[in-house]
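> Sequence and predicted structure below; questions after.
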Amino acid sequence: MPRQITLADGRTVEVDCLSCALTSGLITPTGGVIYESNHFHIHQDVVYPIRGLVILASKRHFHCMDELSDEEQIEYISLIHKVRSEQRTRLGIDKVYYFYNEDTTHHFHLWMVPRYEWMGQFGKSVESLRPVLLHARNQLNDEENMKKVIEGINELREGLRDFVSRTE
């Protein structure tokens, strides 16, 4: 059943599944696609404007880790490894929280959320993740920070583009 969703840039879309709309190209994420492969789509949800935050979403619609095919498993871990490497080398991100849940309304996706010093005020555990994301959405959603977020998206895209050209 279609539902209306307002995106971070103010666009309103009507979709059955937001992840399907993103991974199929029906909706272009703000900042663009970071990387796209046969099985996965990498982008940032800029509603949470944290430089280097990455969402790795499956193109195929499923919900649980144990539903990955053998081929998807190999590609998935390779992409996580490469994105994490680029977060460290290009963006200087030392720590990342990985978050994925199986009770989402969207299909299978992994959040890779960088840990910055300013996040310490919310704690240093998985429990701090929600307050950090809400703080970013409500307090960091300005033009100056968004510029840094978009620059981060471009840096990661460039790093993954280099990765692809080295592996072909």
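Thanks, I have it.
> C-alpha only now, for contacts and for neighbours.
Will do.
> Would you mark the buried spots in the strand or helix carrying residue 82?
Using DSSP states H and E, the element containing residue 82 is helix 70-91. For helix 70-91, burial by neighbour count (16 or more other CA atoms under 10 Å) applies to 72, 75-76, 79-80, 82-88, 91.
> what about that helix, distance to the chain center?
Taking CA atoms, centre = their mean, to the nearest Å, one finds the center of helix 70-91 at 12 Å from the center of the full chain.
> which helices and strands does it pack with?
With contacts taken as 3 or more CA pairs under 8 Å, 6 or more residues apart in numbering; DSSP states H and E, helix 70-91 sits against helix 143-167.
> Output the contacting helices and strands for the helix it packs on.
Under the contact criterion of 3+ CA pairs under 8 Å, 6+ apart, helix 143-167 touches strand 35-36, helix 70-91.
> mind running it again at 7 Å?
When contacts are defined as 3 or more CA pairs under 7 Å, 6 or more residues apart in numbering; DSSP states H and E, helix 143-167 sits against helix 70-91.
> Need the residues that contact the helix it packs on.
The contact list for helix 70-91 (CA atoms under 7 Å, 6 or more residues apart in numbering) reads 39, 52, 93, 94, 152, 155, 156, 159.
> Please indicate which of those are buried?
Neighbour counting by 16+ other CA under 10 Å classes 39, 52, 93, 152, 155, 156, 159 among the contacts of helix 70-91 as buried.
> on that earlier part again, state the pair within the contacts of helix 70-91 that is farthest apart.
Comparing all pairs in the contacts of helix 70-91 by CA to CA, the longest separation belongs to 39 and 94, at 27.5 Å.
> got the angle between the helix holding residue 82 and helix 143-167?
Helix 70-91 runs at 130 degrees relative to helix 143-167, counting by axes from the mean of the first three to the mean of the last three CA atoms, to 10 degrees.
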